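Asks: Predicted coordinates and the sequence they were generated for:
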Amino acid sequence: QVQLVESGGGLVQSGGSLRLSCAASGFTFNTYWIHWVRQAPGKGLEWVSSVNTGGAGTFYTDSVKGRFTISRDNAKNTLYLQMNSLKSEDTALYYCVRGTSYSGMYYYSNWGQGTQVTVSS
C-alpha cells in the first residue's frame with residue numbers, strides 16, 4: 001500500500017534551518033507529483049510546495065518563496081524540503097502528500113503522518 005513517512009522536523013530558533021524528508025513506498029514514485037502541505041495550530045491546511053515527476057518543476061506558496069526548496073531523489077523514492085530563514089509563522093505540522101488525477105479532478109489522495117516544525121522567536 002502507499003506509504004509516506006516524513007522525518008526531520010523539530011524545534012529551531014527563528015532564522016534557523018531544517019530539512020524535511022519524506023520516504024515513499026508502495027507506488028511508482030517517479031510518476032507522481034508530490035507536495036508539502038502544512039497545518040499551523042488552530043488553522044486550516046495550507047499548500048506549501050509541489051514538485052513535478054522529474055524534479056525540474058517546482059512551485060511554492062508566496063510566503064516561502066526564496067526560503068524553502070523542494071527537491072526529490074527518484075532513485076531513493078524520497079522527497080525533501082529544505083527550509084531556511086525560518087519564521088515563527090512557519091510553525092506547523094508538515095505533511096508529505098501524493099496527488100492523484102481521477103475523472104478530470106486532482107486529489108490529494110495519500111498523506112503521511114506529518115512531522116512537527118516549531119520555530120521559536
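Replies: Sure, I can see it.
Asks: ok, then the element right after the longest strand anywhere in the chain?
Replies: With secondary structure taken from DSSP state E, the chain has its longest strand at strand 92-102. The C-terminal neighbour of strand 92-102 among helices and strands, as given by DSSP states H and E, is strand 105-111.
Asks: Check the residue nearest the centre of the chain and give its pLDDT.
Replies: Centroid-nearest residue in the chain, with C-alpha atoms, centre = their mean: Trp36, separated by 2.4 Å. In this prediction, Trp36 carries a pLDDT score of 98.
Asks: can you tell me how far it sits from Gly104?
Replies: 24 Å (C-beta to C-beta, to the nearest Å). Just so you know, the C-beta spots here come from the backbone N, C-alpha and C atoms, and that holds for glycine as well.
Asks: Quick check: phi and psi on the residue of the chain most remote from its centre?
Replies: Using C-alpha atoms, centre = their mean, the residue of the chain lying farthest from its centre is Ser103. It sits 25.1 Å away. Dihedral angles phi and psi of Ser103 (degrees, to the nearest 10) take the values phi 50, psi 40.
Asks: now it: how far from Arg72?
Replies: 27 Å.
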